[in-house]
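K.L.:
next comes the sequence, and after it the predicted model I'd like to discuss.
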Amino acid sequence: GSTDETRSVCASLRDIVYVRLEERHGVGYARAAGIGASTGPYISFLDDDDARLPSSIDRQLEILEASPDAALVYGQIYRATQSLAIDDRHLFPRSCPSGDVFWKLLDSYFISSCSVVMRRSAFDSVGGVCHEVSPADDWDLWLRIAERYPIVVLPQPVSIYRQPTFWSKQGSSRVADGLLFADLRVLERCAKLPRALADPRAFRRAARRVKGILCLRLLAETVVAARRFDSYAFVSFRQAIATRDAFVHAIFSMHTWKKLRERFRS
C-alpha cells in the first residue's frame, strides 16, 4: 500500500515481481503475500529501511547448500543511523551460535530478518509466517524453524540494519506501541511447542529474561518520553508495570540502573 514511487522503480528493474496490497495489515502479512507470489527454493527478507551487502546472498547460499540438514543461514549485520552511517566497530551478533540454537534464540534474539536466507521447504514445514504476531513475526518463525532444524551461520556482515529511534516510526521504534504485545504473543505460542513443553523450567527462565529486557527498554523509553514531555511516557510506564515480576526485579536491580545509564550515554 505504499504511496511513493515503488511501482515505477520495480518496473525499471529486471526479474522483479511487484505485488501491491491495497490495504496495510503489517509487515508479517506483506511478507506472507510476497512469499506466496514467489516460486524459488530459497527465501530472504529485506525491509525497506535496510540494505543488503554485495554478494552476501551468494556466500550464504554456498554455506546452506553445503549443509543439507540446515533450514537457514544467517549472518552478522552492521547497525546504522537513520542516514545509513555505519558503525563498523560493533557487529551484531558478536558471537554467532549455530547448530541447535532453539534455547539460545528464545533467550536472546540474535537473528536479524535482513540477514537470513532460508529453504522454502523448511518454511512451509513449520506453517509459514504468522502475521498475527507482527512485528515480531520473524522471531516467531525462527523459533519454530530452530525447534526442528539446525541453523548455520556466515560469521561476516551481510546486511545493514537501520537502527530505529524513538521518533522514527519504524515497527520497533516504541515498544509499547505494538512490539511488547507481539513479543508476549510469541512467548505464548512458543510455550506450546514440543521442546518447550518437554522442558518447562528452561522455558520459564527464558521467558523471564525476555520480559526483563522488554521492561528495561520500556523504562528507558519512559525517561526519554518524559524528558520531551511526550504523553507516551505514561503509556510505556504503564506497560512496564504490566510486566509484573520483571518490573519489580528491574526497580530493585543495580543491573537495571547500570544499563539505563549506558543507554543514555550512548
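P.N.:
Perfect, I can see it now. Numbers count the residues shown, from 1 in each chain.

K.L.:
wait, is residue 158 part of a strand?
P.N.:
Yes - assessed with DSSP: H, G, I helix; E, B strand; the rest coil, residue 158 lies in a strand.

K.L.:
that one contacts residue 55, doesn't it?
P.N.:
No - contact criterion Cβ atoms under 8 Å: residue 158 and residue 55 do not qualify, at 9.4 Å. In this view, the C-beta of every residue, glycine as well, is placed from N, C-alpha and C.

K.L.:
quick one: pLDDT of residue 245?
P.N.:
With respect to pLDDT, residue 245 scores 67.

K.L.:
remind me which residues of this protein are low pLDDT?
P.N.:
Scanning the chain with the threshold set as pLDDT under 70 gives 166, 168-173, 244-266.

K.L.:
that one: strands as residue ranges?
P.N.:
Using DSSP state E, the strands assigned to the chain run over residues 42-43, 51-52, 72-80, 86-92, 117-119, 151-162.

K.L.:
for residue 158 and residue 55, indicate the residue with more neighbours.
P.N.:
Neighbours per residue, other Cβ atoms under 10 Å: of residue 158 and residue 55, the larger number sits with residue 158, 24 against 9.

K.L.:
tell me how far the more buried one lies from residue 44.
P.N.:
Relative to residue 44, residue 158 is positioned 10 Å away (Cβ to Cβ, to the nearest Å).

K.L.:
spell out which residues are contacts of both of those two.
P.N.:
Contact with both residue 158 and residue 44 is made by residues residue 57, according to Cβ atoms under 8 Å, 6 or more residues apart in numbering.

K.L.:
top helix in this structure by residue count?
P.N.:
Longest helix in the chain by number of residues (criterion: DSSP state H): helix 200-227.

K.L.:
possible to save the strands of the chain as JSON lines with distance to residue 232?
P.N.:
Output for the strands of the chain, formatted as JSON lines (distance: least, Cβ to Cβ, whole Å):
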{"stretch": "strand 42-43", "distance to residue 232": "35"}
{"stretch": "strand 51-52", "distance to residue 232": "29"}
{"stretch": "strand 72-80", "distance to residue 232": "23"}
{"stretch": "strand 86-92", "distance to residue 232": "26"}
{"stretch": "strand 117-119", "distance to residue 232": "35"}
{"stretch": "strand 151-162", "distance to residue 232": "21"}
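
K.L.:
to residue 191, which of the ones you listed lies closest?
P.N.:
strand 151-162 (20.9 Å; Cβ to Cβ).

K.L.:
show me what the closest one is packed up against.
P.N.:
With contacts defined as 3 or more Cβ pairs under 8 Å, 6 or more residues apart in numbering; DSSP states H and E, strand 151-162 has these neighbours: strand 51-52, helix 56-65, strand 72-80, strand 86-92.
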